[in-house]
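Enquirer: Compute the structure for the input listed below.
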Amino acid sequence: MPSVAREEETGVKYSYTEVSSFQISEVNTRNMSPEPVKTGRIFMAAVAANLSAFVVGTCLGWTSPIGPKLKTEDTSDSPLDRPITSDEDAWISSLIAIGALIAPFVAGPLADRIGRKWVLLSSSLFFVLAFGINMGASEVWILYLSRLIQGFGVGFVMTVQPMYVGEISTDNVRGATGSLMQLFIVAGILYVYAIGPFVSYMALQWCCIVVPVIFDAIFYFMPESPHYYAGKGRKTDALRSLQFLRGQSAEGVHNEMAEIQSSVEEAMANKGTIMDLFKNPGNRKALFICAGLISFQQLSGINVVLFNSQSIFASANTGLDPAIATIIIGCVQVASSGLTPIVADRLGRKVMLLTSASVMTVGLTALGAFFYMQLVVGDISEVVWMPVPALVIYNIVYCTGFGPLPWAVLGEMFPANIKSAASSIVASTCWTLGFLVTYFYPALDALGSYYAFWLFAGFMVVAFFFVLFVVMETKGLSLQEIQDRLNSKRN
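Expert: Coordinates of the predicted model:
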């Protein structure tokens, strides 16, 4: 059959073999050497999708440089005519989590209805609107509204992006591509950490608003998930998408396309509901693992660190400019997150999570000890150096373990028929705890910062044993093999 170049509605040109239906003519593939998969194309699509995670990072890191501008008595670089109170500061930091915990219940069903790609593209509307509102904010409640809208965008991305990346990836690179989310989130955080302290309030909003526009311009040209197309009965579109992602001919992707089609047809025949997450033992186990990992991610106190880095360093009084210390932390996050895609499919998820939990415990305990000595002992001259290395260690192991891997595991744990429902529940669990931790941190901080950091350290001890005894290793397993393991089936 002749090879024809056609252009999909997205504008991407795919090279594929013309077929009258999905069924490809029988080929004696046993006598043919398999076509190599061009994983560079998978990573290209995954990187484009993860530009949305970069936008999420700008929202998460936004309060760190903006908080000091809003709290100071000098309001010349603040949109408000007065400094904000500590309670208002808590709401500004935490309201993003409220939007993010509601949005998944909209984003999940939309991903099944209009596609993963278009839900991700639509997330930019929330981000552009929110940063635009920030520019005209004159009252605190307007900033509340902006953070809530940002949360909707964050919820859309965090729900659908793991689905998209998990579905476009091959088994041998899924850990690496799934780990890219954390890298791009911390890169977005570093972006605002590095710019925010040195530009005006208004200039930072412009710097942030341009990022989702760039994401849309690039991701528009990427293919939709072949799983989504197959689920909609668009078999030729699914084949073309898979050919583009694998860089192979129609014959080369035949077996994988057949597996996808079979999996999707089975899922459609057994259309799942939220109740199926609890009725089926394998789904129940997967939900327990994913919700547990996401919960411990938030209970590590990461949002407290991200939202308040500059304030933490200011209160530590280390002698290092808080803005510079925060940039150092941001650089560490990006560098360590860059390691995860390289080693995730070599070391395995479980080893990296166990290492992350244990070393984060050490970093948080040390940070708590510093603040205890500062408040109770008074003389901290011998340990004034401690906060920076403690937070550096904490961020390194967070960004190689509990930061990226819970989302990577979420993208591969559930069958297609309930993946959107499961993603919605897990993402909402994440942001419910994110809101509670962020909102109540100032109250704990008022009692003594060491209370909060030692509490987070205690949660990480529990997380270590949770990973050790509950979490299943998924390194190198296909999506079907993961389901077999969850349902206690062995090949």
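Enquirer: Residue ranges in the stretch 151-300 of the chain under the pLDDT threshold?
Expert: The stretch 151-300 of the chain contains residues with pLDDT under 70 at 267-272.
Enquirer: and the end-to-end length of stretch 57-67?
Expert: With Cα to Cα, to the nearest Å as the measure, stretch 57-67 spans 16 Å from end to end.
Enquirer: I meant to write stretch 57-72 there.
Expert: 24 Å.
Enquirer: starting at the chain centroid, how far to that stretch?
Expert: In terms of Cα atoms, centre = their mean, to the nearest Å, the centre of stretch 57-72 is set 20 Å apart from its chain centre.
Enquirer: which of the residues in that stretch are buried?
Expert: Using 16 or more other Cβ atoms under 10 Å as the test for burial, stretch 57-72 gives 57-70. From N, CA and C alone the C-beta is placed, and that goes for glycine too.
Enquirer: Which of these sits closest to Arg246?
Expert: The shortest approach to Arg246 among those belongs to Gly57, at 29.6 Å (Cβ to Cβ).
Enquirer: isn't the closest one right up against Ala187?
Expert: Yes. Here Gly57 lies in contact with Ala187, judged by Cβ atoms under 8 Å, at a distance of 6.2 Å.
Enquirer: element containing the closest residue to Gly301 other than its chain neighbours?
Expert: Leaving aside its sequence neighbours, Gly301 sits nearest to Phe456 (Cβ to Cβ, 6 or more residues apart in numbering; 3.7 Å). Using DSSP states H and E, Phe456 maps to helix 449-469.
Enquirer: Determine the set of other helices and strands touching that helix.
Expert: helix 281-299, helix 302-316, helix 349-372, helix 419-447 (3 or more Cβ pairs under 8 Å, 6 or more residues apart in numbering; DSSP states H and E).
Enquirer: Can you tell me the closest non-neighbouring residue to the residue positioned nearest the centre of the chain?
Expert: Compute the mean C-alpha point of the chain, and by Cα atoms, centre = their mean the closest residue is Met181, 4.7 Å away. Nearest residue to Met181, sequence neighbours excluded (Cβ to Cβ, 6+ apart): Ala53, at 4.7 Å.
Enquirer: okay, the angle between the next helix or strand along the chain from the helix holding Phe456 and helix 419-447?
Expert: Per DSSP H and E, helix 449-469 leads on to helix 479-486 as the next helix or strand towards the C-terminus. In this structure, helix 479-486 runs at an angle of 70 degrees to helix 419-447, with axes from the mean of the first three to the mean of the last three Cα atoms, to 10 degrees as the basis.
Enquirer: quick check: angle from helix 479-486 to helix 281-299?
Expert: 100 degrees.
Enquirer: returning to what we had before: tell me which residues of the helix holding Phe456 are tucked away?
Expert: Under the neighbour-count criterion of 16+ other Cβ under 10 Å, helix 449-469 has 449-457, 459-460, 463-464, 466-467 buried.
Enquirer: least trustworthy position among these, going by pLDDT?
Expert: Across these, the bottom pLDDT score, 74, is held by Ser449.
Enquirer: so that residue makes contact with Ala369?
Expert: No. Using Cβ under 8 Å, Ser449 is not in contact with Ala369, being 10.8 Å away.
Enquirer: residues touching Met202, list them.
Expert: Met135 (Cβ atoms under 8 Å, 6 or more residues apart in numbering).
Enquirer: helix, strand or coil for the residue nearest to Ala103 when sequence neighbours are not counted?
Expert: Once flanking residues are discounted, Ala103 sits nearest to Gly155: 2.6 Å by Cβ to Cβ, 6+ apart. Look at Gly155: counting by DSSP: H, G, I helix; E, B strand; the rest coil, its state is helix.
Enquirer: repeat for Pro223
Expert: coil.
Enquirer: ok, now the one 10 residues further on?
Expert: Three-state assignment for Gly233 (three-state DSSP): coil.
Enquirer: mean pLDDT for the helices and strands packed on helix 449-469: which is lowest?
Expert: For the helices and strands packed on helix 449-469, where the average pLDDT is lowest is helix 302-316, sitting at a mean of 67.
Enquirer: Buried by neighbour count: which residues of the following helix or strand past that one qualify?
Expert: The helix or strand immediately downstream of helix 302-316 is helix 322-347, counting by DSSP H and E. Residues of helix 322-347 classed as buried: 322-323, 325-334, 336-338, 340-341, 344-345 (neighbour count, 16+ other Cβ under 10 Å).
Enquirer: and the strand or helix carrying Phe152, how far out from the chain's middle?
Expert: Using DSSP H and E, Phe152 sits within helix 140-168. Distance of helix 140-168 from its chain centroid, counting by Cα atoms, centre = their mean, is 10 Å.
Enquirer: now the next helix or strand after it, how far from the centre of its chain.
Expert: Downstream of helix 140-168, the first helix or strand assigned by DSSP H and E is helix 174-178. Here the centre of helix 174-178 is set off from its chain's centre by 12 Å, with Cα atoms, centre = their mean.
Enquirer: first to last residue in stretch 376-388, what's the distance?
Expert: End-to-end distance of stretch 376-388: 20 Å, with Cα to Cα as the criterion.
Enquirer: avg pLDDT for it?
Expert: Across stretch 376-388, the average pLDDT comes to 72.
Enquirer: Which strands or helices does the helix or strand hosting the residue nearest to Met181 pack on?
Expert: Per DSSP H and E: Ala53 is located in helix 39-61. Packing contacts for helix 39-61, counted by 3+ Cβ pairs under 8 Å, 6+ apart, involve helix 116-135, helix 140-168, helix 174-178, helix 180-195, helix 201-219, helix 235-246, helix 302-316.
Enquirer: List the buried residues of that helix.
Expert: Neighbour counts over helix 39-61 (16+ other Cβ under 10 Å) mark 39, 41-43, 45-61 as buried.
Enquirer: ditto for stretch 282-296
Expert: 282-283, 285-287, 289-296.
Enquirer: from those residues, which two are the most distant?
Expert: Greatest spatial distance in those: Gly282 and Phe296, 21.6 Å, computed using Cβ to Cβ.
Enquirer: chain center to the helix holding Ala53, what's the gap?
Expert: Mean-position distance between helix 39-61 and its chain equals 9 Å (Cα atoms, centre = their mean).
Enquirer: Over to stretch 215-231?
Expert: Here stretch 215-231 is found 18 Å from its chain centre; the criterion is Cα atoms, centre = their mean.
Enquirer: Can you dump the C-alpha atoms of it in PDB for me?
Expert: Only the C-alpha atoms of stretch 215-231 are listed here, as PDB (Å, rounded to 0.1, in the frame of the first residue of the first chain):
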ATOM      1  CA  PHE A 215       2.800  26.300  26.100                       C
ATOM      2  CA  ASP A 216      -0.400  26.500  24.000                       C
ATOM      3  CA  ALA A 217       1.600  27.600  20.900                       C
ATOM      4  CA  ILE A 218       3.900  24.600  21.200                       C
ATOM      5  CA  PHE A 219       1.600  21.800  22.500                       C
ATOM      6  CA  TYR A 220      -1.000  22.600  19.900                       C
ATOM      7  CA  PHE A 221       1.100  20.800  17.400                       C
ATOM      8  CA  MET A 222       1.500  17.600  19.400                       C
ATOM      9  CA  PRO A 223      -0.700  14.500  18.800                       C
ATOM     10  CA  GLU A 224      -3.600  13.400  20.900                       C
ATOM     11  CA  SER A 225      -3.200  10.200  23.000                       C
ATOM     12  CA  PRO A 226      -3.800   7.100  20.800                       C
ATOM     13  CA  HIS A 227      -5.800   5.600  23.700                       C
ATOM     14  CA  TYR A 228      -8.300   8.500  23.600                       C
ATOM     15  CA  TYR A 229      -8.700   8.100  19.800                       C
ATOM     16  CA  ALA A 230      -9.200   4.300  20.200                       C
ATOM     17  CA  GLY A 231     -11.800   4.800  22.900                       C
END
